[in-house]
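Asks: Predicted model and sequence follow; I will ask about them next.
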Amino acid sequence: MIKKGKSNNFEKIFFNQKFLALIGLIVIILISFPFAKNSIKQYKINKEISDFKKEISALQSKNADLKNFVSYLESDQFAEEQARLNLNLKKPGEEKTVIKPAVGEAKVLASSTEGDQIFNIPGRKKAEPQPEVPNPKKWLNYFFRR
């Protein structure tokens, strides 16, 4: 009879509704951790894929622009423009007219043509270095001329 009582207690605890619900909850939690980890990993991978697709489309558009630029550089129109601008050449039958600016306008015209470029090619025009400002002047500017 003693064994039967102990077995009865064990059956009461093991087949209790609360105990079975707790065991089921623990099993669900243990199963959900790897699932959550995999879903987070999948989200990161999908985000990385979308970032790469955006980068690919940006590079493809840049590549198309560069191909158009190269085809323009290889065209006769570009060669003709460069010959007209840089070498002062003209077509047969054309006449060139040179208009000399006044003395005061020459400085303004020269400064405005330096920045005008046909193409904006990186590295074509180097930046001029700024003159070095002494430290005491830097401190004065910092404290008194804000």
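Replies: It's in. On a predicted model such as this, the values are computed, not experimentally measured, just so you know.
Asks: So the residue most central in space within the chain: helix, strand or coil?
Replies: Central residue of the chain (C-alpha atoms, centre = their mean): Glu55, 8.0 Å from the mean position. When classified by DSSP: H, G, I helix; E, B strand; the rest coil, Glu55 comes out as helix.
Asks: if I look at it, how far off is Pro101?
Replies: Look at Glu55 and Pro101: by C-beta to C-beta, to the nearest Å, they are 49 Å apart. The C-beta positions use only the backbone N, C-alpha and C, and glycine is treated the same way.
Asks: same deal with Gln82?
Replies: Note on Gln82: its distance to Pro101, by C-beta to C-beta, is 24 Å.
Asks: okay, and for the protein, where does confidence drop off?
Replies: Across the chain, residues meeting the criterion (pLDDT under 70) sit at 1-7, 104-127, 146.
Asks: mind running it again at 50?
Replies: Counting by pLDDT under 50, the chain contains low-confidence residues at 1-2, 109, 112.
Asks: hey, where'd the helices end up in it?
Replies: 2-14, 17-73, 76-86, 103-115, 135-144 (DSSP state H).
Asks: quick check: angle from the longest one to helix 76-86?
Replies: If I follow you right, that is helix 17-73. Angular relation of helix 17-73 and helix 76-86 on a 0 to 180 degree scale: 60 degrees, by axes from the mean of the first three to the mean of the last three C-alpha atoms, to 10 degrees.
Asks: Helix 17-73 - contacts with which helices or strands?
Replies: Of the remaining helices and strands, none touches helix 17-73 by 3 or more C-beta pairs under 8 Å, 6 or more residues apart in numbering; DSSP states H and E.
Asks: just use 759 as the starting number from now, easier for me
Replies: I'll keep to 759 as the first residue from here, and by that count the last item is helix 775-831.
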